[in-house]
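> Got a predicted structure plus its sequence, pasted below:
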Amino acid sequence: MGIIKKLPVFLEKVPGGGIVTTSLDYIFSQSQASSLWYLLFGTACCAIELMATGASRYDFDRLGMIFRASPRQSDLIIAAGTITKKMAPRLRLLYDQMAEPRYVIAMGGCTVKGGPFYYDSYAVEKGIDHIVPVDVYIPGCPPRPESLLEGCLTLQKKVKRLKMQDWS
Amino acid sequence: MELAGIFKYFYELLVSTGLPQVWVDIIAMVAAAVIIFGFLAVCALFLVWWERKVSAHIQQRFGPMRTGWHGWRQTIADAIKLIQKEDITPMTADRAVFYWAPIMCFVAAFAVYVVMPFGDGLIVSDLNVGILYVVAITSFTIISLLMAGWGSNNKYALLGGMRSAAQVVSYEIPMVVTICSVVLFVGSLSMVDIVQSQAQIYQWYIFRLPFGPIAFIIYIITGTAETNRTPFDLPEAEQELVAGFNVEYSGMKFAMFFLAEFVNMFTVSAIGTTLFLGGWQGPFLPSWMWFLGKTLVLVFILMWFRWTYPRLRVDQLMEFSWKFLLPLSFANLILAGLMKYSGWFNW
């Protein structure tokens, strides 16, 4: 694998190699961005909005996003709903089981900063960025499907900036 | 425009170079393998996209829209993404079995196409045991699913693999008995002979009343079960087993299972076309177009099943096969024998 990882660096030095790497970067990042499969993971009321976004009126599949039940095959956790202290290790486990590259969207007030109703509860994790790295935060209680779609488009923008040199 | 002539031209060009016959055969077979591999890869990519569009329109959605015109690049994007994903082997997995299961599944799905009559003269090898070969090779899929279930060392994967094996074995029997009833009429196992015995539309086996339509319906039901699709998709029931036998597979290995599943769906439809719908026979259009058209209609019917029916329970599934389909298919075989012997509808 060492050779493959160094290949973009070699290609950059060859005359005309820059064209190859940039167009490959474009293809790879575009295709990653347009097929973000999300994990079936919903813990509270935000999951209802997540399901609504997947169904007829809003339709996640337009963006190429379909759900996978197994974390091995998904690229994205949409953490929909309150994460309690007891659920937190499970979320971390699911995140660790996912294959790289993986992304996290924190959906709703509870996952962003503990939420408007549970902010003083001893049982609720105050923001899932204590547990997993978060790419996009979507506030709201729960956020409407439009804002979830906006969050997914924002994540797509982030993924499209990815370059081969960033591979680890 | 018949494709057989073009291939024949290239073959004769190869012969005229004066190479020894062994080398001519080897080059021709490798070329045929590459062509079929390419065709099936494109076909599987198309079918995945089509399934997503069909499912979306059945549920009043649009399906993929952003990736190219009506999302036509969607499955290409999916494939490129899956190549980039990390390839995970669980620590407790049986490494060799885990590694070989998707390859086995892929090979079993592709090897059937040696005897597939794509058109008039468009067949790689007209084996005299054609349909028997198809039945034998498609059974290899079960072994690969069991390997995937056992090798991942995961309870959901194991349950999925076991369920899948039980289901495929029990639905294979009515399917083979039904195929037997057609073979009984043809008097040959060769795929080309089966197609040529249906030259006119009234000779298609689906129209040979009363045995034909029953045999066709049994075939379609068992074919749906063989490919593990929805009324019978217990092996990958998402509510009970996370994703079935491929729970632990990620990246390209998962993509191979996925592509093999869609190739299997195409295989079931193509065999159905050959046995019951007259294969490549048809007026005006070239033969390969007729074959593809009929096959895609059957594929659409399988997709239609998938997105309109709920899932059966395990006991219902087994009862349906052993208590209903098996007796019916045997009765149908006897009926076909009587028809053949007495000469009704023996055009």
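Done, it's in. Numbers count the residues shown, from 1 in each chain, chains lettered A, B, ... in the order given.
> Mind listing residues that contact the helix or strand hosting B:Val195?
For B:Val195, the enclosing helix or strand under DSSP states H and E is helix B:191-196. Helix B:191-196 has contacts (CB atoms under 8 Å, 6 or more residues apart in numbering or on different chains) with B:115-117, B:123, B:126-127, B:130-131, B:134, B:182-183, B:186-188, B:274-275, B:278-281. In this view, the C-beta of every residue, glycine as well, is placed from N, C-alpha and C.
> Please identify the buried residues of the helix or strand encompassing B:Gly5?
Using DSSP H and E, B:Gly5 maps to helix B:3-16. Within helix B:3-16, the residues that qualify as buried are B:3-4, B:7, B:14, counting by 16 or more other CB atoms under 10 Å in any protein chain shown.
> Quick check, pLDDT for the residue nearest to A:Thr84 when sequence neighbours are not counted.
Spatial nearest neighbour of A:Thr84, chain neighbours left out: A:Ala123 (5.1 Å); criterion: CB to CB, 6 or more residues apart in numbering or on different chains. We have a pLDDT of 88 for A:Ala123.
> contacting residues around A:Ala123?
Counted by CB under 8 Å, 6+ apart, A:Ala123 has contacts A:84-86.
> Among those residues, which ones are in strands?
Using DSSP state E, no member of those falls within strands.
> which stretches of chain A have low pLDDT?
The model of chain A has pLDDT under 70 over residues A:1-5, A:8, A:164-168.
> domain assignment for it?
Domain assignment for chain A, taken from automatic domain parsing, gives A:1-33, A:37-159.
> Which elements pack onto the helix or strand A:Glu49 falls within?
Secondary structure from DSSP H and E places A:Glu49 in helix A:46-54. Judged by 3 or more CB pairs under 8 Å, 6 or more residues apart in numbering or on different chains; DSSP states H and E, helix A:46-54 is in contact with strand A:76-80, strand A:103-107, helix A:145-160.
> now the angle from the first one to strand A:103-107?
In this case it means strand A:76-80. Orientation note: strand A:76-80 sits at an angle of 20 degrees relative to strand A:103-107 (axes from the mean of the first three to the mean of the last three CA atoms, to 10 degrees).
> Let me see the residues that make contact with the very next helix or strand once past the helix holding A:Glu49.
As assigned by DSSP H and E, the chain's next helix or strand after helix A:46-54 is strand A:67-68. By CB under 8 Å, 6+ apart, the residues outside strand A:67-68 that reach it are A:37-40, A:54, A:74, B:243.
> Between these, which sits nearest B:Ile58?
A:Gly54 (14.8 Å; CB to CB).
> and the closest one, how far is that from A:Pro145?
9 Å (CB to CB, to the nearest Å).
> Likewise for B:Ala109?
Distance, B:Ala109 to A:Pro145, by CB to CB: 38 Å.
> The two: who's more crowded?
B:Ala109 (27 against 19; other CB atoms under 10 Å in any protein chain shown).
> Now do the contacts for the more buried one.
Residues in contact with B:Ala109 (CB under 8 Å, 6+ apart) are B:141, B:259-260, B:263-264, B:267.
> can we see that at 7 Å?
B:141, B:260, B:263-264, B:267 (CB atoms under 7 Å, 6 or more residues apart in numbering or on different chains).
> do you know how far B:Leu333 is from B:Val135?
For B:Leu333 relative to B:Val135 (CB to CB), the value is 15 Å.
> rewinding a little: could you dump the contacts of B:Ala109 to CSV with neighbour count, pLDDT and secondary structure?
Below are the contacts of B:Ala109 laid out as CSV (neighbours: other CB atoms under 10 Å in any protein chain shown; pLDDT from 0 to 100; DSSP: H, G, I helix; E, B strand; the rest coil):
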residue, neighbour count, pLDDT, secondary structure
B:Thr141, 26, 85, helix
B:Ala260, 24, 87, helix
B:Val263, 23, 90, helix
B:Asn264, 22, 90, helix
B:Thr267, 26, 91, helix
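> Tabulate those residues (TSV), appending distance to chain A.
Output for the contacts of B:Ala109, formatted as TSV (distance: CB to the nearest CB, whole Å):
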residue	distance to chain A
B:Thr141	20
B:Ala260	15
B:Val263	19
B:Asn264	19
B:Thr267	24
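> re earlier: just the buried ones out of the contacts of A:Ala123, please.
Taking 16+ other CB under 10 Å as the criterion, what is buried in the contacts of A:Ala123 is A:Thr84.
> when you scan the next helix-or-strand element following the helix holding B:Gly5, is anything in it near chain A?
Downstream of helix B:3-16, the next assigned helix or strand under DSSP H and E is helix B:21-58. Yes - using CB under 7 Å from any CB of the partner chain, helix B:21-58 reaches chain A at B:52, B:56.
> which is the next helix or strand following helix B:21-58?
Criterion used, DSSP H and E; the element after helix B:21-58 is helix B:74-84.
> Chain B contacts on chain A?
So far as CB under 7 Å from any CB goes, chain A lies against chain B at A:27-28, A:31-32, A:34-35, A:56, A:59, A:61-64, A:68-70, A:72-73, A:99-100.
> Pick out the residue nearest the middle of chain B.
Centroid check for chain B by CA atoms, centre = their mean gives B:Thr267 as the closest residue, at 2.3 Å.
> May I have the residues that are in contact with that residue?
B:109, B:112.
> ditto for the one 3 residues further on
B:Ala270 makes contact with B:116, B:295, according to CB under 7 Å, 6+ apart.
> okay, it: pLDDT?
B:Ala270 is given a pLDDT of 91.
> And the next helix or strand past the helix or strand encompassing it?
According to DSSP H and E, B:Ala270 maps onto helix B:251-276. Using DSSP H and E, the next helix or strand after helix B:251-276 towards the C-terminus is helix B:287-308.
> Distance-wise, check the residue nearest to A:Thr84 relative to A:Ile83.
Distance of A:Ala123 to A:Ile83, given as CB to CB: 10 Å.
> Also B:Lys8?
For B:Lys8 relative to A:Ile83 (CB to CB), the value is 66 Å.
> can you check A:Tyr26 too?
Taking CB to CB, one finds A:Tyr26 at 36 Å from A:Ile83.
> Please say which of those two ends up with more neighbours.
Each of A:Tyr26 and A:Ile83 has its neighbours counted (other CB under 10 Å); A:Ile83 has more, 26 against 12.
> from memory the more buried one sits against A:Leu91, does it?
Yes - contact criterion CB atoms under 7 Å: A:Ile83 and A:Leu91 qualify, at 5.9 Å.
> what is in contact with those two at once?
Contact criterion CB under 7 Å, 6+ apart; residues shared by A:Ile83 and A:Leu91: A:Ile128.
> just the contacts of A:Ala123 now: which is nearest A:Lys160?
A:Thr84 (34.3 Å).
> picking up where we left off before, how about the helix holding A:Glu49: buried residues?
Those would be A:46-47, A:49-50, A:53-54, for helix A:46-54 by 16+ other CB under 10 Å.
> For B:Met318, which residues are in contact?
B:Ser170.
> The helix or strand of chain B with the lowest mean pLDDT packs against which elements?
Least confident helix or strand, chain B: helix B:3-16 with a mean of 81, by mean pLDDT, DSSP states H and E. Contact partners of helix B:3-16 among helices and strands, from 3 or more CB pairs under 7 Å, 6 or more residues apart in numbering or on different chains; DSSP states H and E: helix B:21-58.
> as a whole number, average confidence for the helix it packs on?
On average, helix B:21-58 scores 89.
> cool, stretch B:311-319 as well?
For stretch B:311-319, mean pLDDT rounds to 85.
> related to what we said a few turns ago, would you tell me which one of the contacts of B:Ala109 comes nearest to B:Ser170?
B:Ser170 has its nearest neighbour among those in B:Thr141, at 14.6 Å by CB to CB.
> Which residue, other than its chain neighbours, is closest to that closest one?
Nearest one to B:Thr141, counting by CB to CB, 6+ apart, is B:Ala108 at 4.9 Å.
> Just give the number of residues close to the one you found.
Based on other CB under 10 Å, the number of other residues close to B:Ala108 is 22.
> Is it in contact with B:Ser144, as I believe?
Yes - taking contacts as CB under 7 Å, B:Ala108 lies within contact range of B:Ser144: 6.2 Å.
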